[in-house]
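Visitor: Sequence plus the predicted model coming up.
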Amino acid sequence: MKLEWNREILIILAASFLFVFWGIGSISLLDPDEGMYGAIAREMAEKGDWITPHFNGIRYLEKPPLYFWFTAITIFLFGPSEWAARLWSALPTLGTAILTWSIGRALYDSRAGLLSAIILVTSVGVFRYTRVAATDSLLVLSLTLSLYGFIRAILRVDGEWQMANRAGKLGSWEAFKPTSLLASWRSGALLFWLGMALGVLSKGLVGFILPVLIVGVFLLANGKWRIANRGRGGGGLFAICYSLFANPAGLVLFLGLTVPWHLLAAWKNPGFLQFYFVDNQFLRFLSNRAFIEDDVPVSTVVFLGLILVWFFPWSLFLSRTLRHGFPSLGAFSTPGERPRLLIGLWALTVIGFFSLSSSKLEHYILPALPALSLMVGALWAEASASSAVNGQSSMVNRQVRGLKWLLVASAAGCGLAGIGLIVVADHLTSEAVFAWLAEMNVYYRILKVKGASFPFSSVAPFVPLARELGVVLVIGLPLALVFFYLSRPLASFTAMTGVAAGIAVVVFKLLFVIEPHHSAKSVALALKAQAQQGELIVHEGSLEYSGSLPFYTGRQIHVLNGQRGDLDFGSRYPEGQGVFLDDGEFGRRWQSEKRVFLVTRLQEGASVIQRLPVKGTFLLGRYGSRLLYSNHGP
């Protein structure tokens, strides 16, 4: 058993190295967001304020501190770098994969656990968002940890309940309450509370709401939780609930981890509680914030459609996985089968919860991916087991036949789509590429809403990417189908991971294509080479769109006409005075003897440049989507 565990962990580590960790430091921090998150962590490491995050010297109270704490420690130890900023997106993903493996082993079998973990790390969304310095991977890990603890509690109480029921000695509910700290840990109760605490410190109240909502829906859907039915069988779920929520150690752990930072942040930052909880969380969910931000949400239809994109290529098999996530409630025969309903409700609750939000973004589907991976992993494990054992049940045989026909349909559909991509690649238009980017990423939706034109000089860099994606689809899916028809489902599964690897390479190349437009690294390095201490560096517009300027320069950037957005609330504290400039103040500084640098992303007609005197305004260079000016020549 131990040897098998070691082998499976090594496989997960190898897959994670290729799909999660490989290349996380190869690309500059991409703005908006990544540079800002990296700059906040760098400032925390350098200034030592571990209570109030700061961005560009301004208090940043939009997000809880866990990601910034971990990243600041990494930067303190190893210095500021791209991999240091992204490490705490990659490491939580590895942790989520191991937890997914553990859940799969507990609820299905060892092969399902291994395949589920591989499916998770090879999905398109995980590959993409582990390369984003953000809090989302920590939220996914926290939710998975909390539900893993709940599953352990189910298995423990179900086993004890059934043994007591057979012996006719159900006794008191106190029998199901862990009696010690060690017992609470082993039962999963502490893990349940620990996951929620980490979720709250990673992403706010949603870290508490999601696990409680999923567990609550599970208890209600099961139909066996009835307080009145305490005496005989069917009351095990009440015992589970009792063992978790009537657990003082878990509650103390949760409050001990979450309350201190919130109290200290409220003490040091007047107005924090109203802004952080009401405006930033409740009103954000309803898209009714007092502090305006530029985010353009996706529609519910697009959000649901993006499940197929971010979980590709494994989303092709979701239609055959209902039995693994939504077993018949009347079919429970072993303790291990009862929690399988939790997996389906996990995915359904996350998708439903964010579908109701009017401010949802494309990556809000990520917390559902471990559950979807478990369902698809169980399907493939069942298919691979059936090829090695004769005399499988008619249900299993139907599932295997269904998977085979899904592969036929997927190979045909993806093959045609791949041929289409190859054919139309040379005829791509800027409108088509822009529309596609806008569905995938909020930044491009913002550009479209503002009436911006295609942000790249040409569609030429996108042409080979479309062609390569087409080749992957034309070759990979038919190959997987051939192996499956040869009764080699594991080889077919490996071919599917090859499809995922091919798509990952295309995505990685895409990041290099868009890097010059998004990243402010090149202009920041130019400023480091030219700007002397005491010389003013000004960014025109909201600084989060060039958030990596403070990260790469290590200097405070003044902001021209950009007080709205992520720095709006923080700008009202004393340290915000003098950082934000209007046209009049900027014009006076520009015409002074002191050298001033201006970084702008705005087109000339919309920029302050058109209102400055031609004489005394020098263009120092174009760096991707940004122009660098100065009031003194080179």
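Guide: Looks like it arrived, so ask away.
Visitor: got the contact list for whichever helix or strand R622 is part of?
Guide: For R622, the host element (DSSP states H and E) is strand 618-623. The contact list for strand 618-623 (CB atoms under 8 Å, 6 or more residues apart in numbering) reads 516, 520, 522-523, 526, 530, 597, 627-634. Where C-beta positions appear, they are placed from N, C-alpha and C, glycine not excepted.
Visitor: In the sheet, which strands lie alongside it, parallel or antiparallel?
Guide: Applying DSSP bridges, strand 618-623 is found paired with strand 626-630 (antiparallel).
Visitor: where does G236 land on pLDDT?
Guide: At G236, the model reports a pLDDT of 54.
Visitor: I meant to write A417 there.
Guide: 96.
Visitor: wait, it sits on G476?
Guide: No: counting by CB atoms under 8 Å, A417 sits too far from G476 to count as a contact (11.8 Å).
Visitor: Compare those two and say which one has the larger neighbour count.
Guide: Set A417 next to G476 and count neighbours by other CB atoms under 10 Å: G476 wins out with 25 against 15.
Visitor: Helix or strand next in line after the helix or strand hosting that one, which one?
Guide: If you go by DSSP H and E, G476 is part of helix 462-485. Sequence-wise, the next helix or strand downstream of helix 462-485 (DSSP H and E) is helix 489-518.
Visitor: so that following helix versus strand 618-623, what angle?
Guide: 180 degrees (axes from the mean of the first three to the mean of the last three CA atoms, to 10 degrees).
Visitor: packing partners for helix 489-518?
Guide: Applying 3 or more CB pairs under 8 Å, 6 or more residues apart in numbering; DSSP states H and E, we find helix 489-518 packed against helix 110-122, helix 124-129, helix 369-388, helix 462-485.
Visitor: R152: which of those is closest?
Guide: Distance to R152, taken as CB to CB, is lowest for helix 110-122 among the helices and strands packed on helix 489-518, at 14.3 Å.
Visitor: tell me which strands and helices the closest one is in contact with?
Guide: helix 2-16, helix 82-107, helix 369-388, helix 489-518.
Visitor: buried set for the longest one?
Guide: For helix 489-518, the buried set under the neighbour-count rule, 16 or more other CB atoms under 10 Å, comprises 489-493, 495-504, 506, 508, 510-511, 514-518.
Visitor: quick one: the residue nearest to the spatial centre of the chain and P339, what's the gap?
Guide: Central residue of the chain (CA atoms, centre = their mean): D136, 3.5 Å from the mean position. Noted for D136: a distance of 25 Å to P339, by CB to CB, to the nearest Å.
Visitor: Could you do R111 as well?
Guide: Applying CB to CB to R111 and P339 gives a distance of 18 Å.
Visitor: higher neighbour count, those two?
Guide: A count of neighbours by other CB under 10 Å puts P339 above the other of R111 and P339, at 24 against 19.
Visitor: The more buried one against I151, yeah?
Guide: Yes: applying CB under 8 Å, one finds P339 in contact with I151, separated by 4.9 Å.
Visitor: For stretch 22-41, list every residue counted as buried.
Guide: 23-24, 27-41.
Visitor: Tell me which other helices or strands the helix or strand G305 falls within touches.
Guide: Using DSSP H and E, G305 sits within helix 300-310. The helices and strands touching helix 300-310, judged by 3+ CB pairs under 8 Å, 6+ apart, are helix 124-129, helix 340-356, helix 430-440.
Visitor: could those be laid out in TSV, adding mean pLDDT, mean neighbour count and distance to V212?
Guide: Formatted as TSV, these follow (pLDDT from 0 to 100; neighbours: other CB atoms under 10 Å; distance: least, CB to CB, whole Å):
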stretch	mean pLDDT	mean neighbour count	distance to V212
helix 124-129	96	22	24
helix 340-356	94	21	10
helix 430-440	93	16	31
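Visitor: So what touches stretch 581-588?
Guide: 538, 558-561, 589, 608, 611-612.
Visitor: give me that answer again for 10 Å
Guide: 536, 538, 540, 558-563, 578, 589-590, 596, 598, 608, 611-613 (CB atoms under 10 Å, 6 or more residues apart in numbering).
Visitor: Where do the strands of the stretch 201-350 of the chain begin and end?
Guide: Assigned strands in the stretch 201-350 of the chain: none (criterion: DSSP state E, counting those that start in this stretch).
Visitor: so where is it shaky, pLDDT-wise?
Guide: Applying pLDDT under 70 to the stretch 201-350 of the chain picks out residues 223-243, 246, 288-293, 328-337.
Visitor: Quick one: mean pLDDT over the host helix or strand of E43.
Guide: Per DSSP H and E: E43 is located in helix 34-47. Averaging pLDDT along helix 34-47 yields 96.
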